[in-house]
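A.B. asks: just to be clear, the model below is a prediction. Sequence and coordinates:
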Amino acid sequence: MKVSYEQIYLGQSKSLKIESYTNKSHCDNVSWHLHPEYELVFIKSGQGSIQIDSHHEDYQNGLLIFLGPNIPHMPFGNKQFNNNIEVVIQFPESFITEKLAHFPEFEEILSFVKKAKNGIVFSPETHKKLQSSFLKFAKQNNTQKLLNVIDTLYQLSISKNQRTILKGILSLDINKHSLERVSKVYQYVNDHYDEEIRSENLAKQLGLTPNSFCRIFKTVTNRNFIDFLNEFRIKKAQEHFEHNNTSISEAMYLCGFNDPSYFSRQFKKYSGLTPSNFIYRLNHSK
């Protein structure tokens, strides 16, 4: 099994990522992939297949599934109906351990999330009961989305007929320790992308030589670290342009770049546009 390591981008001032897809805006990933984030997927209707590690089964009339970190899987969506909707919610381990864990009232949710380590499929009854909650996400603001997620997790934690998907050890051909190291790199970049980041320093933090760090990162993600870091920073710059009305020079420094020409080249490489053209399109699309 050839598995790619998917990079999940959290928006500024967001604890989780929530996307609602339609038949015309379906999820892009079409191959085996994994990521360190938890993933909750609701598919309104249609039939398709579940392919998770070595497990395979078909579903009818939609799907509601919850996966823990680093579980290799294929996309779950289908294009059977034009009015089908797929809602994908992804959040890092820190959302649980650093946020929800502070509230003793969420103990039932925390216990439930632990069971997601091997994946959970929910019954048709639970799928139907929570359909309206998932369909609300597309029209909610960030605060409403967060409250909706917490309530949805609670409803799932007390739902009946939950079924664990994987019973044994994952059949990954990637060393588990390497996955954990790369997950730490992703988290570090997410927290410090506006600062100077050197692969040598990251390697030292992980107890690796620079060559070993680069080799492990390339093996797990199928890309080199600098490419990953630059693309991450460019996506953050795009967010600054879209939401904060930030100038080009401000966005450059806020995202860890110091050289205007280098920033411009990288921006065009990963977005297809120069920063000025990107801003122009933004202003004329409103």
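C.D. replies: Perfect, I can see it now. Numbers count the residues shown, from 1 in each chain.

A.B. asks: the stretch 51-200 of the chain: strands as residue ranges?
C.D. replies: For the stretch 51-200 of the chain, strands defined by DSSP state E, counting those that start in this stretch occupy the ranges 55-59, 63-67, 86-91, 120-121, 163-164.

A.B. asks: need the ones you listed in TSV with mean pLDDT and distance to residue 77, can you?
C.D. replies: Placement of C-beta: from N, CA and C, glycine included. Formatted as TSV, the entries for those read as follows, by pLDDT from 0 to 100; distance: least, C-beta to C-beta, whole Å:
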stretch	mean pLDDT	distance to residue 77
strand 55-59	85	11
strand 63-67	96	9
strand 86-91	95	5
strand 120-121	96	15
strand 163-164	92	20
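
A.B. asks: where are the low-confidence patches of this protein?
C.D. replies: Per-residue confidence for the chain (pLDDT under 70) gives these ranges: 1-4, 12, 24-30, 54, 168-176, 286.

A.B. asks: just to revisit the earlier point, of all the strands of the stretch 51-200 of the chain, which lies closest to residue 244?
C.D. replies: Ranking these by their distance to residue 244 (criterion: C-beta to C-beta) puts strand 86-91 first, at 23.1 Å.

A.B. asks: for residue 257, phi and psi?
C.D. replies: Here the main-chain torsion angles of residue 257 (degrees, to the nearest 10) amount to phi -100, psi 150.

A.B. asks: just confirm it contacts residue 236, I think it does.
C.D. replies: No - because the distance of 10.3 Å does not satisfy C-beta atoms under 8 Å, residue 257 is recorded as not touching residue 236.

A.B. asks: next structured bit after the longest helix anywhere in the chain?
C.D. replies: Ranked by number of residues, the top helix in the chain under DSSP state H is helix 225-243. Along the chain past helix 225-243, the next helix or strand (assigned with DSSP states H and E) turns out to be helix 248-254.

A.B. asks: just checking, what packs against whichever helix or strand comes after that following helix?
C.D. replies: Secondary structure here is assigned by DSSP H and E; on that basis, the next helix or strand after helix 248-254 toward the C-terminus is helix 260-271. Using 3 or more C-beta pairs under 8 Å, 6 or more residues apart in numbering; DSSP states H and E as the contact test, the elements touching helix 260-271 are helix 225-243, helix 248-254, helix 275-284.

A.B. asks: and the longest one, how far out from the chain's middle?
C.D. replies: For helix 225-243, the distance between its averaged C-alpha position and the chain's averaged C-alpha position is 15 Å (C-alpha atoms, centre = their mean, to the nearest Å).

A.B. asks: quick revisit: so can I have a markdown table of the strands of the stretch 51-200 of the chain showing mean neighbour count and distance to residue 222?
C.D. replies: Supplementary listing: these in a markdown table, determined by neighbours: other C-beta atoms under 10 Å; distance: least, C-beta to C-beta, whole Å:
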| stretch | mean neighbour count | distance to residue 222 |
| --- | --- | --- |
| strand 55-59 | 13 | 24 |
| strand 63-67 | 24 | 21 |
| strand 86-91 | 22 | 20 |
| strand 120-121 | 22 | 29 |
| strand 163-164 | 11 | 30 |
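
A.B. asks: can you say which of those strands is nearest to residue 196?
C.D. replies: For residue 196, the closest of the strands of the stretch 51-200 of the chain is strand 86-91, at 27.9 Å, according to C-beta to C-beta.
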